[in-house]
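Engineer: Quick check, what structure comes out for this input:
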Amino acid sequence: MKTIKGPAIFLAQFLGENPPFDTLDNLAAWAASLGYKGIQVPTDPRLFDLDIAGRSKAYCDDVRGRIAEHGIEITELSTHIQGQLVAVHPAYDTLFDGFAPAHLRGNPAERQQWAIGQLKSAAKASEYLGLNTHATFSGALAWPYAYPWPQRPAGLVEEAFAELAGRWTPILNAFAASGVNLCYELHPGEDLHDGATFERFLEATGSH
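Structural biologist: Below you'll find the predicted structure:
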């Protein structure tokens, strides 16, 4: 118990247009005022620009220094939105298009490639920030078939998890190269939503 640090708080649900919820610095000061020691930072460009951070240690050093001035630290970056867009079943294309940049909407293939690039940038940004964990969602190709009616043809779920693993393996490689553990939040609507689905995915990735 002596090694546990915290508490920490995820900022995404508080982000808004008005202070203290409008900038990363304001949110850090707000969280510190409530007694928090750490913040999990969503990679929303209003708070943290992955396009810059993935290639600029100076940018990451500046962010980390500004947060430290409030007596708080970044515990993880998160890419829940981008992770979701790595794997979107066509049934959900219209719903998840709202999570993508406007110029990518209506183009699932380009949306997916953008999301993969974002995750790879997050790996490098996490490395630059001195972090060793990162939080994300898995996305979902098999979720529409979670309820067993109509009956699933044999092999459908296995095919979906093989495809999911194929999409994530290059991303997992990027995180491994940066020395960062990629952590999936198990969540309804994601293919990784419980212990069984996580173990299936782990097996499909060769226990990456």
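Engineer: Where do the helices of this structure begin and end?
Structural biologist: Counting by DSSP state H, residue ranges of the helices within the chain are 24-33, 50-53, 57-68, 80-86, 93-97, 108-128, 156-177, 195-204.
Engineer: if we compare those, which one ends up closest to Glu185?
Structural biologist: helix 80-86 (6.8 Å; C-beta to C-beta). Where you see a C-beta, it was placed from the backbone N, CA and C, and this is true even at glycine.
Engineer: so where's the longest strand in the chain?
Structural biologist: Secondary structure of the chain per DSSP state E: the longest strand is strand 73-79.
Engineer: Show me what that strand is in contact with.
Structural biologist: Strand 73-79 is contacted from outside by 8, 10, 12, 37-43, 48, 50, 63-64, 67, 118-119, 122, 125-126, 129, 131, 133-136, 183, using C-beta atoms under 8 Å, 6 or more residues apart in numbering.
Engineer: Mean neighbour count, the helices of the chain: which tops it?
Structural biologist: helix 80-86 (a mean of 23; mean count of other C-beta atoms under 10 Å).
Engineer: So for it, mean pLDDT?
Structural biologist: Across helix 80-86, the average pLDDT comes to 98.
Engineer: just stretch 48-68 next, same as before
Structural biologist: What stretch 48-68 shows for mean pLDDT is 98.
Engineer: quick one: it to chain centroid distance?
Structural biologist: 17 Å (C-alpha atoms, centre = their mean, to the nearest Å).
Engineer: mind checking the end-to-end distance for that stretch?
Structural biologist: 15 Å (C-alpha to C-alpha, to the nearest Å).
Engineer: Repeat that for stretch 74-83.
Structural biologist: 20 Å.
Engineer: how far out from the middle of the chain is it?
Structural biologist: 4 Å.
Engineer: Tell me how far the closest residue to Glu110 other than its chain neighbours lies from Asp93.
Structural biologist: Spatially, and ignoring its direct neighbours in sequence, Glu110 is nearest to Leu104 (5.3 Å; C-beta to C-beta, 6 or more residues apart in numbering). Separation of Leu104 from Asp93 (C-beta to C-beta, to the nearest Å): 12 Å.
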